[in-house]
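Peer 1: Just the structure for this:
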Amino acid sequence: MKNLKYIFFLSAICFTQFSVAQQDPNFTLYNFNMNLINPAFAGSKDAKEITLGYRSQWIGVTDAPNTQALSYITPLKYNLGFGMSIVRDQVFVLQETDIAVDISYKLKVSETDKLYFGIKAGASIVNIDLSKTGAIGSDPLFSQNESYYKPQIGAGLYFKHKDFYISISTPNFLTGRRFIKEGNAPMSAVDNLYMYYGFGYHFDISRNVTITPAIMHRSTQGAPSSTDLSTTVKYNTVQAGMNYRVDEMYSVFGLLNIFDNVLFGASYDFTTSKINQINDNGSIEVVIKYIF
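Peer 2: Numbers count the residues shown, from 1 in each chain. Predicted coordinates for the structure are as follows:
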């Protein structure tokens, strides 16, 4: 079991590159918590929203990634918008908490078109508890815990039309290195720039039915890009859909208003990448949104 934890730890580095929270959020329901990846979204709604999210990845795998997120957005005067978020990620020995504030500005292009500019500023608090690895003896790689923080600055654009939207953003364009060891254990992880490009179109099939196909592409230097293709069907206060992340997974999700101003959503991911050779139980995600 100790060797298995070593393997899992090294696999987590290879597959996720220590990607966590705001730097590289791994959400299925990101369309319903968009300001986590695009600060321009903070002022795009006409009401205040508080969203609580939870994700458990690779169900059944001990110490697999899990994420908790709390966010708040509100429109302000003078075409401004404000948002804030707290995201906590944990995978095996690594725990990171990201705290960020978003400011957006709305430019009214026409009666139906609005362009939002946003900036994100915050910090990440990182803790790596190497005592959990179960290392035998005085292995220099696992002999000292790590704890530090790093700043975050991001930016985004969000174009909103009554029929479609376009989103371009980076949650953090500061690059850097972390978990650097010296001497007998030279090892590091690199934070590279992540870019997100999204588009969605709303087709009004009838007065009560709207279908929204969407795409979200994520790219970063030195790692494979990923593309999400999704379709959401909304009937009155109920929404359901499917999402396909190319060569990685596909998901089914549903959302409904359990009260007039409370939205509950859940998704289940089916893994299609090589990870399913280790665990094929998938991942779950839930969100609760309060609108006021």
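Peer 1: Which parts of the protein are helices?
Peer 2: Using DSSP state H, the helices of the chain run over 2-16.
Peer 1: Point out where it drops to low pLDDT.
Peer 2: Applying pLDDT under 70 to the chain flags residues 1-25, 132-144, 175-191, 275-280.
Peer 1: Could you find the closest non-adjacent residue to Leu255?
Peer 2: Nearest non-adjacent residue to Leu255, counting by CB to CB, 6 or more residues apart in numbering: Gly265, 3.6 Å away. Yep, even glycine has a C-beta here, placed from its N, CA and C like the rest.
Peer 1: So that neighbour sits against Phe253, correct?
Peer 2: Yes - using CB atoms under 8 Å, Gly265 and Phe253 qualify as a contacting pair, with a distance of 6.5 Å.
Peer 1: one step back: so what's the residue nearest to Leu255 bridging to?
Peer 2: Beta-bridge pairing of Gly265 under DSSP bridges involves Leu255, Val287.
Peer 1: That one: what's it in contact with?
Peer 2: Contacts for Gly265 (CB atoms under 8 Å, 6 or more residues apart in numbering) come out as Leu29, Phe32, Gln239, Phe253, Gly254, Leu255, Leu256, Val286, Val287, Ile288, Lys289.
Peer 1: Return the alpha-carbon coordinates of stretch 258-272 using CSV.
Peer 2: Taking C-alpha atoms only, stretch 258-272 is exported to CSV below (Å, rounded to 0.1, in the frame of the first residue of the first chain):
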residue,chain,number,x,y,z
ILE,A,258,-36.1,23.8,-5.6
PHE,A,259,-37.4,27.2,-4.5
ASP,A,260,-38.1,30.4,-6.5
ASN,A,261,-34.6,31.8,-5.7
VAL,A,262,-32.7,28.6,-5.0
LEU,A,263,-31.1,26.4,-7.8
PHE,A,264,-29.7,22.9,-7.2
GLY,A,265,-27.6,21.1,-9.7
ALA,A,266,-25.7,17.8,-9.9
SER,A,267,-23.6,16.0,-12.5
TYR,A,268,-21.9,12.6,-12.9
ASP,A,269,-18.8,12.1,-15.0
PHE,A,270,-17.9,8.9,-16.8
THR,A,271,-14.2,8.7,-17.4
THR,A,272,-13.0,7.7,-20.9
